[in-house]
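**Q** Model the structure of this input:
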Amino acid sequence: MKVVVIGGTGLIGSKLVGKLNEHGHEAVAAAPNTGVNTLTGEGLAEVLEGASVVVDVSNSPSFEDEAVMEFFRTSTSNLLKAEAEAGVTHHVALSVVGTERLQESGYFRAKQAQEELIKDSGVPYSIVHATQFFEFMKAIAAAATEGDIVRLAPVKIQPIYSDDVAAAVGRTAVGTPVNGVVEVAGPNEFQLDQLVRKGLAAKNDPRTVVTDEHATYFGAELQEATLLPGPGANIAETRFADWVAQQQ
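**A** A predicted model of the protein is given here:
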């Protein structure tokens with residue numbers, strides 16, 4: 001089947017395109033640098049011609065509250081309209097475990113708005129909620145840094161390898177629409193502050209991680225299980241320790 005991957009040149013998108021093509025599907029990477037812009041609508045009708053499935057793994061270039069809301073609302077609305085006109089029968093979107101519990105954050109309010117648009121669109125859909133990627137730990141530390149101090153809450157997190165996210169999204173894309181949410185997470189649970197502390201030490205990063213129960217996560221205060229998946233989540237195989245060893 002023809003699968004159009006919006007954000008298909010990014011971290012997850014490029015891996016997803018490769019995996020789908022390996023399995024005999026016609027996966028097309030759609031992004032501004034391939035002539036497809038979901039904000040303006042440029043190239044959408046052309047790339048969706050003959051497509052059965054659209055997978056949206058795009059992300060906002062800005063995490064500023066108004067900009068990120070504008071991105072997800074405009075991009076998703078344009079995409080869903082074009083899909084309805086093209087006869088697309090399955091819309092798949094990648095989102096984040098805990099989105100509905102992180103509504104103090106402008107970013108996660110925007111992701112929630114994206115999900116609501118999808119649910120209300122009439123296009124059959126599947127939303128994949130993934131825990132944070134191993135590769136995203138660096139960005140989490142950066143967002144929590146003031147000077148040489150990194151303030152993080154002592155909450156649980158169950159991160160996942162981006163390859164495993166791409167595989168889960170791919171399986172969902174070629175399956176039957178669930179018209180709901182599928183969760184995927186890594187195999188091991190950690191405490192966020194301890195995980196980042198170890199990660200920085202391994203890189204000889206001089207920053208100090210301070211444990212702070214009230215430290216915010218992209219603007220939202222966390223409870224112990226905010227970032228954890230539910231009991232029915234699909235658990236990926238790649239362990240964080242094995243991924244770290246591969247990076248050496």
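
**Q** After the longest helix anywhere in the chain, which helix or strand is next? Please name it.
**A** Among the segments of the chain that qualify as a helix by DSSP state H, the longest is helix 65-86. Later in the chain than helix 65-86, the nearest helix or strand by DSSP states H and E is strand 90-96.

**Q** now for that following strand, which elements pack on it?
**A** strand 53-56, helix 65-86, helix 106-120, strand 125-130, helix 162-173 (3 or more Cβ pairs under 8 Å, 6 or more residues apart in numbering; DSSP states H and E). No exception for glycine: its C-beta is placed from N, CA and C like everyone else's.

**Q** coming back round to it: in terms of secondary structure, what does the longest helix of the chain contact?
**A** helix 44-48, strand 53-56, strand 90-96, helix 106-120.

**Q** Could you check the angle it makes with strand 125-130?
**A** Between the axes of helix 65-86 and strand 125-130, defined by axes from the mean of the first three to the mean of the last three Cα atoms, to 10 degrees, the angle is 140 degrees.

**Q** list the buried ones in helix 65-86?
**A** 68-69, 71-72, 75-76, 78-80, 82-83, 86 (16 or more other Cβ atoms under 10 Å).

**Q** Quickly find the element holding the residue in the chain sticking out farthest from the centre.
**A** The outermost residue of the chain relative to its centre, with distances by Cα atoms, centre = their mean, is residue 206 at 29.0 Å. Under the criterion DSSP H and E, no helix or strand holds residue 206.

**Q** Next one: the spatially closest residue to it that is not a sequence neighbour relative to residue 141, how far apart?
**A** In this structure, residue 206 finds its nearest non-sequential neighbour in residue 148, 6.5 Å apart by Cβ to Cβ, 6 or more residues apart in numbering. To residue 141, residue 148 is 12 Å away according to Cβ to Cβ, to the nearest Å.

**Q** between those two, who's got more neighbours?
**A** residue 141 (20 against 9; other Cβ atoms under 10 Å).

**Q** Now the more buried one: which helix or strand?
**A** Counting by DSSP H and E, residue 141 is found in helix 137-143.

**Q** That helix: which residues count as buried?
**A** So, applying 16+ other Cβ under 10 Å, buried residues of helix 137-143: 137, 140-141, 143.

**Q** pLDDT of it, averaged?
**A** Averaged over helix 137-143, pLDDT sits at 92.

**Q** Next secondary structure after it?
**A** strand 145-146.

**Q** Tell me which residues touch residue 237, please.
**A** Counting by Cβ atoms under 8 Å, 6 or more residues apart in numbering, residue 237 touches 164, 187.

**Q** one more time with 10 Å, if that's ok
**A** For residue 237, the contacting residues are 160-161, 163-164, 167, 186-187, by Cβ atoms under 10 Å, 6 or more residues apart in numbering.
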